[in-house]
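Novice: how would this look folded up:
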Amino acid sequence: MFVLSFFLHLALPRPGDGICAGATWTQNSTIVAGGRDAGSALDQLNFPFGIFVDDNQTVYVADFANHRVVKWNRGASTGELVAGGNG
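Specialist: Alright, predicted model coming up:
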């Protein structure tokens with residue numbers, strides 16, 4: 001298991017959100033997306049607002065301030081632009 005480590009506004013689980021009501025967050029994490037200060041390079045994020053992890057543990061992040069969605073395959077050191085990014 002891996003954990004995306006950046007500031008997120010965490011809310012309580014809601015029915016249908018895919019998070020078990022008894023889930024706990026690990027205190028030891030591995031950075032899998034971003035983690036190199038705020039910015040617009042593909043290994044940076046700027047005000048990440050949403051996250052989705054698929055069955056292959058690919059991480060998709062809605063990067064609000066950069067107007068884009070960035071995808072990180074498991075083990076990747078840089079993201080891939082999948083939508084937006086044109087301002």
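Novice: buried set for the helix or strand bottoming out on mean pLDDT in the chain?
Specialist: Considering only helices and strands, the least confidently modelled element of the chain by mean pLDDT, DSSP states H and E is strand 48-53, at a mean of 87. Taking 16 or more other C-beta atoms under 10 Å as the basis for neighbour counts, the residues of strand 48-53 that come out buried are 48, 53. From N, CA and C alone the C-beta is placed, and that goes for glycine too.
Novice: tilt between the helix or strand following it and strand 48-53?
Specialist: Using DSSP states H and E, the helix or strand that directly follows strand 48-53 along the chain is strand 59-63. Strand 59-63 and strand 48-53 are oriented at 160 degrees to each other (axes from the mean of the first three to the mean of the last three C-alpha atoms, to 10 degrees).
Novice: Whichever helix or strand comes after strand 59-63 - what's its average pLDDT?
Specialist: Once strand 59-63 ends, the next helix or strand along the chain (criterion: DSSP H and E) is strand 68-72. When pLDDT is averaged along strand 68-72, the result is 93.
Novice: Which strands or helices does strand 68-72 pack on?
Specialist: Applying 3 or more C-beta pairs under 8 Å, 6 or more residues apart in numbering; DSSP states H and E, one finds that strand 68-72 makes contact with strand 59-63, strand 80-84.
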